[in-house]
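In: Sequence first, then the predicted structure, then my questions.
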Amino acid sequence: MNSDSDLQIAGDILEVPHLLKAPREHPATVAEFVGLARSVAADRAQWEHLVRYDATARWYHLLRTGPGYEVWLLSWVPGQGSGPHDHGGSSGVFTVLEGRLTERTAAGERVLGPAAAGASLRERGRESERVFAPGYVHEVVNDTLEPAVSLHVYFPGLTEMPMHPRSDVRAGGATTMACAAPGPHGAAAAVHA
């Protein structure tokens, strides 16, 4: 028989600590790694003072490590990009903390930026985060006129970052315009990257 009195007979499970799972000290599931990324992102005092911008190379800083994971902080000045790559045997979460970044994959492009204030968890994830598995090939680029900052969590920690040809992140033979190279009729020619 299910009734409120049955619950009273069984008691309050919170009053029986030995039946509760102890909270994990370190994340172990994808959801927990997303939670870690979100909590670090929300704590600006933990990372904001560390950010540096370098016009000659992408800047990065190892922010934290734990059993089987690493948390990296990266900055991107306008025009900087990662080149097409994967993360070897690592899975990961990346989230944009400031500015906007474009992620290119074989499926297309997606612009990521900080979620709007008051955004739901689903909207926040769609607007600012990407979760990926080993072998996920993408390119991340700052193709805006403002700098950007991103946070990356890798599990296990990043040991390799194999580079890939551009064709791996350009779906359907996408083209870019080469403004400096006139075509046979004087107009800029499309260049397949």
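Out: Nice, I can see it.
In: What count of nearby residues applies to L63?
Out: L63 has 17 neighbouring residues, counting by other CB atoms under 10 Å. From N, CA and C alone the C-beta is placed, and that goes for glycine too.
In: Let me see the confidence value for it.
Out: On the pLDDT scale, L63 is placed at 97.
In: three-state assignment of it?
Out: State at L63, reduced to three classes by DSSP: H, G, I helix; E, B strand; the rest coil: strand.
In: Next: W47.
Out: helix.
In: Tell me which residue lies nearest the centroid of this structure.
Out: F94 (1.3 Å; CA atoms, centre = their mean).
In: ok now do that one, which residues does it touch?
Out: A37, E129, R130, F132, V140, S150, L151, H152, V153 (CB atoms under 8 Å, 6 or more residues apart in numbering).
In: next one: A133
Out: S91.
In: switch the cut-off to 10 Å
Out: If you count contacts by CB atoms under 10 Å, 6 or more residues apart in numbering, A133 has them with V30, D86, H87, S90, S91, G92.
In: R110 too?
Out: So R110 contacts L101, T102, E103, R104, R126, E127, R130, H138 (CB under 10 Å, 6+ apart).
In: Most neighbours among those, which one is it?
Out: Greatest neighbour count in these, by other CB under 10 Å, goes to L101: 26 neighbours.
In: Filter the contacts of F94 down to the ones in helices?
Out: A37 (DSSP state H).
In: Wait, F155 touches F132, no?
Out: No - using CB atoms under 10 Å, F155 is not in contact with F132; the gap is 11.0 Å.
In: how about low-confidence regions in the protein?
Out: Residues of the chain that meet the criterion pLDDT under 70 lie in 1-23, 116, 121-125, 171-193.
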